[in-house]
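>>> coordinates only, sequence not included:
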């Protein structure tokens, strides 16, 4: 800080304002209601962060200029130690982690898909606060360290609200990590290791938002953003291109997968009891949430464990865990997915020790992973945007001409939806799966997506179950020769929600249009060949109707300030 | 890019970065003091963003019912040319905006055919020589960071002129932000006219005087060396520096590749999207784009993929975009760092190449296409340009009695090429597209720094992930400045970084 009277005064003002408690006007306006986490924050970091501040709450009888500088909070930033725990001034014992609630609100929690002036103002404030952060970090590059390497415990439920955790996750989603934070090692002199190779993989991106932007915040990637996996680092033909999918609704997917896994395991355990009673394997049909996972022999292995005779490359792994993340169904939880992505794309590993040899240990802490998971997991659900309802979703701004509302498109939408079923698309791209409990486990915190997640959330049916409109069965399928990569044609049924905003399509981004994507389903040995051929054989008008229907699979109109 | 921008207050630094508020009245009275517009301002911006959303949704639905309609919807249809003929630039902007964001399809000529390199389309990320690749699906695929018409991310770095397969053969190019290019063109054209004028004068003088004449090349205060003319009119350009010997000012491309926007658009369409304009069918060398028939050189089954007028209209669209802005920090200590940073840019001699201000006199921009009978339009950017449009402020004469003439453009470049040293040098020179020779591997155009904060990664190949890395990677003619920066104390380096972070753009609302 430049020791001028003005600068000093401002720090005092900021500190006072930040300490004003839950009702203090710190940072962007959060949602209404008390915010349990907004109680005193560390003055020095709030000074960095809580801009713009409203200066009005200064008590009239207190002139900051009269304060003795010696009484002011010190400006020094305590560097975190490698273990991630802050040490107290003596350097001996860890501080009470909750005393370091150094994460003041930014956006103020989840960003719902709402188009109104209040939300616009929130986004504009958010941009201003990010600009202020940028200036602080520019002046002192180490100033961000405290914010982004919070002790893990401080991120636990006892210290931070879910809103604050989501805010931190959003910052991490947008953050370009530095070499000091463990980004890399960088192996290329002239840029990123754009084609992955070897154990170090990348880094092939600088931040999550590099490749997850299309269609809105945390959306999909463009063709230019394709990741090139498993290669030799140079020859594009040695790589497997991967299209960055949109992340909306991911928390709902994880909750659904966990519920399905749990039920499949219950079915397996019941079968095991039968196996023990009979002393012989039993043949069991596994089905949950209306999705048929096949009929397999269940037995006890020599070590007493459950053995389910799922063939290799079947609908599901033999452990009967539904893994909904990754194009091939690689990860059961967002946490696994986030950990993999940070390591793969940025060279940020959670392991103790310096595994990637860039001189930084413990690059990714559990708290950071949790924050990113909380941010991604609470994203809104892309609900079906029926063409003639576009005006309804925008009622925050009455009186605008609705360009979209024409009976023709509504008709076509309805016809397209029927065709989607008739052509057999809906056999695998199941429109809705029913979820009983929309809860997402993040560390020790259980987030209720209905009350804490971004709007809109999934609808409920008459039985109180949530209709998650993901358009997938969360199973793996053989997709035939046109989609085979490195001899493997097994992929998880891609969720189609948001498909209208996230071209290019397919795992490798090779399809520019819906028609191309469908056609690629029609290769030899594809489970989808009948549907693909039926679509190709349909009339122009019918195919157009299907496309109109698919165009409705998008997020509710959402605001953003880039 | 919506038509309403400039939501957050613009502070034009009348006092050249000293951190003062500038002459009274520059801060919009409509804005609160906290960087946030009043509710009355949010609403029109919101309505504009919603209107754009609805238009895009409407287009998507029309498109869904007829993919071939994309061709008609892409800018350049006959109706649009009539609009351009009538000078209805706001309509051209609207259509250009949509075309910029539109995902093209194979029916529009996106992509290249199987010949001569039989690689599937998903692995066309590396360009196959000058034929290009298929590395994006739309313009915005690599120009969306920081806002509409912004820069590309680190993942979007283009891989030019490779063998189509190997990363190591490609020339990496970071996609720059596109704001303010129309005004950049105006400055470049005026500089060029000045230089060409000096050459013409020298030729005349040499002839009149009957002896060798040497003319110093100087335009808008920027030195370009000198040229000598013999009485017979022979011009010796060996003393020309920072510019090609044809004295064309080429402000576009990291190496100063293009003098004008229309050919840039034309090339970008061809190499990134595989869409060839008519001029490439007429004049292209056989095999330049592939082994296809003359009307479909890239052999993707679509003939006559785009007209020359389409490239011109897209260039006009780009020209109408607003300029970036300087948005200083509001916290008092950082505001002082900002001011100090601006002075340090001078003392470290950064501004000897990254010239803070170049001025232009005339807002009339001529945009000309390619071909035998080129389409050409004159656009008055003062009227047609989107806010913020650079404006001249009458500040009165300075201490020495001079009043600066022309409209200032705070672009932080001299629009001149410089030797940047072996560290940044590329293996091979870059051939200029209009046959005006080449640019050596270590020579690059001074990158305009306006809008810098939203455009990571930095440098021509995107090798620098931070501004600090970018400065430290400078060599060659910039070595003194680099060393000054590297040897400065943390506070001074911080101040420079604070100033550079203020080079940004207005906030805009997006509904998607």
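Structure's in. What do you need? Predicted, not measured: the structure shown is a model, and the values here were computed from it.

>>> Give the residue spans of the chain that score low on pLDDT.
Answering for chain A, as no chain was given. A:1-104, A:145-158, A:199-200, A:388-407 (pLDDT under 70).

>>> let's do chain B instead
In the predicted model, chain B carries pLDDT under 70 at residues B:1-40, B:67-77, B:115-117, B:121-122, B:283-284, B:394-396, B:398-399, B:401, B:403.

>>> Centre of it to the edge, which residue is at the far end?
When distances are taken from the C-alpha mean of chain B, residue B:210 lies farthest, 42.8 Å away, according to Cα atoms, centre = their mean.

>>> For the nearest residue in space to it that is not next to it in sequence, give me its contacts.
Spatially, and ignoring its direct neighbours in sequence, residue B:210 is nearest to residue B:231 (4.9 Å; Cβ to Cβ, 6 or more residues apart in numbering or on different chains). C-beta coordinates here come from the backbone N, C-alpha and C atoms, glycine included. Contact analysis of residue B:231 by Cβ atoms under 8 Å, 6 or more residues apart in numbering or on different chains lists B:206, B:207, B:209, B:210, B:211, B:212.

>>> Would you quantify the distance from the residue lying closest to residue B:413 once chain neighbours are set aside to residue B:503?
Nearest residue to residue B:413 in three dimensions, chain neighbours excluded: residue B:448, at 3.9 Å (Cβ to Cβ, 6+ apart). Separation of residue B:448 from residue B:503 (Cβ to Cβ, to the nearest Å) stands at 9 Å.

>>> between those two, who's got more neighbours?
residue B:448 (26 against 22; other Cβ atoms under 10 Å in any protein chain shown).

>>> and that one, which of the three is it?
Of the three states, residue B:448 takes coil according to DSSP: H, G, I helix; E, B strand; the rest coil.

>>> Counting neighbours, which of the contacts of residue B:231 comes out on top?
In the contacts of residue B:231, the most neighbours by other Cβ under 10 Å go to residue B:206, 22 neighbours.

>>> Could you check the helix or strand harbouring that one and say which residues are buried?
Assessed by DSSP states H and E, residue B:206 sits inside helix B:181-209. Using 16 or more other Cβ atoms under 10 Å in any protein chain shown as the test for burial, helix B:181-209 gives B:181-192, B:194-195, B:198-199, B:202-203, B:205-206.

>>> And the next helix or strand past that helix?
Scanning onward from helix B:181-209 (DSSP H and E), the first element met is strand B:213-219.

>>> now that next one and helix B:181-209, what's the angle there?
Angle between the axes of strand B:213-219 and helix B:181-209 is 170 degrees (criterion: axes from the mean of the first three to the mean of the last three Cα atoms, to 10 degrees).

>>> May I have the strands that pair with strand B:213-219, each with its orientation?
Strand B:213-219 has the following strand partners under DSSP bridges: strand B:222-229 (antiparallel).

>>> ok, and for the strand it pairs with, which residues are buried?
So, applying 16+ other Cβ under 10 Å, buried residues of strand B:222-229: B:222, B:224, B:226, B:227, B:228, B:229.

>>> where's the fifth one relative to residue B:240, distance?
Read that as residue B:228. Between residue B:228 and residue B:240 the distance is 10 Å, computed by Cβ to Cβ.

>>> and the closest residue to residue A:221 other than its chain neighbours, how far is that from residue A:206?
Excluding its sequence neighbours, the residue lying closest to residue A:221 (Cβ to Cβ, 6+ apart) is residue A:244, at 3.0 Å. Distance of residue A:244 to residue A:206, computed by Cβ to Cβ: 14 Å.

>>> for the nearest residue to residue A:432 once chain neighbours are set aside, what are its contacts?
Distance criterion Cβ to Cβ, 6+ apart; nearest residue to residue A:432, sequence neighbours excluded, is residue A:467 at 4.3 Å. Shown in contact with residue A:467 (Cβ under 8 Å, 6+ apart): A:432, A:434, A:435, A:458, A:459, A:460, A:461.

>>> ok, what's across the strand from the nearest residue to the fifth one once chain neighbours are set aside?
Nearest in space to residue A:459, with sequence neighbours left out and distances taken as Cβ to Cβ, 6+ apart, is residue A:467 at 4.9 Å. Under the criterion DSSP bridges, residue A:467 forms beta bridges with residue A:434, residue A:459.

>>> Repeat that for residue B:218.
Beta-bridge pairing for residue B:218 (DSSP bridges): residue B:223.

>>> right, and it touches residue B:224 too?
Yes - in this structure, residue B:218 is within contact of residue B:224 by Cβ atoms under 8 Å, at 6.9 Å.

>>> in stretch B:287-306, what's buried?
Within stretch B:287-306, the residues scored as buried using 16+ other Cβ under 10 Å are B:289, B:290, B:292, B:296, B:297, B:298, B:299, B:300, B:302, B:305, B:306.
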